[in-house]
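Asker: I'd like to go over a predicted model; first the sequence, then the structure.
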Amino acid sequence: MSRPIQRHNPAIISAARRQGAFFARARFERENLAKLTYEYLLYLLDKSGLSLDAAAITFGMAERTLRRKLVAEGMSYRQLLEQVRRDTCHLYFLEGTRNLSEIAAKLGYSELSAFTRAYTSWYGHPPSQDTGGAIALAA
């Protein structure tokens with residue numbers, strides 16, 4: 001996996017714990033497909049195969065079935081993908097060792113402009129204006 005190195009940074013450790021706890025409240029349920037999908041997307045984030053169809057094949061079910069079960073749990077596939085990208089982006093910015101193009105590629109964006117649009121929608125300003133502190137306050 002290509003997750004950020006924590007390097008004893010308390011902010012990174014805290015953000016990583018928040019990312020892992022995103023679906024922790026549902027861990028006692030018998031089956032939590034949203035959590036499984038989140039972890040699946042986290043693992044494949046910088047690789048190909050982020051489509052709903054690819055996830056359904058991996059889970060051994062039809063695309064429509066996966067979509068329906070996720071909606072029953074209160075999440076859509078697109079929402080999960082955006083949450084994984086936003087959480088991982090936060091970790092990469094806290095780490096502070098990657099340039100914007102590398103972060104965009106690691107998050108599964110084919111172009112920097114697509115990443116910039118997504119980032120702006122998440123935090124209200126483009127990533128080039130982030131000094132590291134603003135993203136920590138928004139998360």
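Answerer: Looks like it arrived, so ask away.
Asker: list the contacts of S121.
Answerer: Not one residue lies near S121 by CB atoms under 8 Å, 6 or more residues apart in numbering. For glycine as for every other residue, the C-beta is placed from the backbone atoms N, C-alpha and C.
Asker: quick one: name whatever helix or strand follows whichever helix in the chain runs longest.
Answerer: Longest helix in the chain by number of residues (criterion: DSSP state H): helix 77-95. Following helix 77-95 in sequence order, the next helix or strand is helix 100-106 (DSSP states H and E).
Asker: hang on, isn't L81 packed against L50?
Answerer: Yes - between L81 and L50 there is a contact at 6.4 Å, judged by CB atoms under 8 Å.
Asker: tell me which of the two has more neighbours.
Answerer: Using other CB atoms under 10 Å, the more surrounded residue of L81 and L50 is L81, with 20 against 17.
Asker: quick one: contacts for that one?
Answerer: Residues near L81 by CB under 8 Å, 6+ apart: L41, L50.
Asker: give me the pLDDT value at it.
Answerer: As predicted, L81 sits at a pLDDT of 94.
Asker: and for L81 and L50, which residues touch both?
Answerer: Common neighbours of L81 and L50 (CB under 8 Å, 6+ apart) are L41.
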